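# Coordinates for the following, if possible.
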Amino acid sequence: MKYFHNEIEAKWRKYWAENQTFAAENPTEASGKPKYYVLDMFPYPSGAGLHVGHPLGYIASDIVARYKRHKGFNVLHPQGYDSFGLPAEQYAIQTGQHPDKTTKENIARYREQLDKIGFSFDWSREVRTSNADYYKWTQWIFIQLFNSWYNNDANKAEDIATLIALFEKEGNASVNAVCDEGITIFSSSEWNAFSDEEQQKILLQYRLTYLAETEVNWCPALGTVLANDEIVNGVSERGGHPVIRKKMTQWSMRISAYAERLLQGLETIDWTESLKESQRNWIGKSVGAMVSFKVLPTTDNQQPTTVEVFTTRPDTIFGVTFMTLAPEHDLVAKITTPEQKEA
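Next comes the predicted model:
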């Protein structure tokens, strides 16, 4: 018996679309259906079509979604496009077209291919991160962070207005906050005498988002800063371009203020232990000690100096045979001997 797959698949794709077969219900409590959420990583629409890695992951999650539907669950299985940022921009540059045009064309092609494979996505929940009605919320979140400071006593973020009120009343000597190192102590009278510009500079040392000169992974070919996980073997994951360390003024977030809360929160989530462990490693909390090593004076460095090193194993400190400074470390120019400067 011959199988006319083109006709059969076209028929059911049409039926699924017209009847919203895979749309999750928004039921009342009385419906009685247990809920189940299946979420895929959204693809970058940064090429002329899907690559094999997309269906490789989506097929597995689609099997789970279909199985749960057959078991009587109300399954929410959405799909969307991570369409804002570097991949979309780079594809537009490569093709010499505006990213808005290429992104919309690529999304249309991706959708066509995803539908032809027959995935059971709820397209009524589609997300496109390049749409203004989506990224306006990321901008909103940034503003909330900018207008907040982290109160260690309350163990949470609070409105920056509460910090200003503390400064006006008693200065900053007793404020227990997550902030820049080396904060200058001032009284309430000194705060009130500061100009508006001086006050704003001080507040920037406390805000959850702040401007700072930090070392970043700069990729000249891509013209942008890359996160650590966007670099593979010293080159950019996208395009394989060289990456250098460079000091730049940029917006940063005091995410470390939440490190302990993130760690504690993992204990309340119904995840596998292996996934929790990967999250703990990403958060990166380490318990150890700071050790000061003395540096012998050289002809260029007559003043004694030290190198501060963090170690999680202070008990092994007597076995240290050498240490390495990063090339961009401030001490390199000061302590390198004349014989080694050229090298």
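# Kindly export the helix or strand hosting Phe293 (C-alpha atoms) in CSV.
If you go by DSSP states H and E, Phe293 is part of strand 289-295. Output of strand 289-295 as CSV, limited to C-alpha atoms (Å, rounded to 0.1, in the frame of the first residue of the first chain):
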residue,chain,number,x,y,z
ALA,A,289,41.2,32.7,51.8
MET,A,290,43.1,35.7,50.4
VAL,A,291,46.8,35.2,50.6
SER,A,292,49.4,37.9,50.2
PHE,A,293,52.7,37.0,48.5
LYS,A,294,55.6,39.5,48.8
VAL,A,295,57.3,40.6,45.6
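# What is the subsequent helix or strand relative to it?
strand 305-311.
# and for that next one, what are the contacting residues?
286, 288-295, 317, 323, 325, 331, 334-335 (C-beta atoms under 8 Å, 6 or more residues apart in numbering). Quick note: C-beta positions are derived from backbone N, CA and C, even for glycine.
# Tell me the buried residues within the residues you listed.
Taking 16 or more other C-beta atoms under 10 Å as the criterion, what is buried in the contacts of strand 305-311 is Ile335.
# Is Gly80 bridged to anything, and to what?
Val127 (DSSP bridges).
# Now that we're looking at it, what pLDDT does it have?
pLDDT, Gly80: 96.
# OK, contacts around it?
42, 125-129 are the contacts of Gly80 under C-beta under 8 Å, 6+ apart.
# cool, Arg13 as well?
Neighbouring residues of Arg13 by C-beta under 8 Å, 6+ apart: 115-116, 118.
# Out of the residues you listed, the closest to Trp12 would be?
Lowest distance from Trp12 to those (C-beta to C-beta) belongs to Gly118, with 7.7 Å.
# Neighbours of that closest one, how many?
12 (other C-beta atoms under 10 Å).
# Could you do Glu105 as well?
If we define neighbours as other C-beta under 10 Å, then Glu105 has 14 of them.
# got it, and Ala257?
19.
# ditto for the one 10 residues further on
Counted with other C-beta under 10 Å, residues neighbouring Glu267 total 7.
# ok, the residue lying closest to Arg111 once chain neighbours are set aside to Ile255 distance?
Of all residues not flanking Arg111 in the chain, Trp123 sits nearest, at 8.0 Å (C-beta to C-beta, 6 or more residues apart in numbering). Applying C-beta to C-beta, to the nearest Å, the value for Trp123 to Ile255 is 33 Å.
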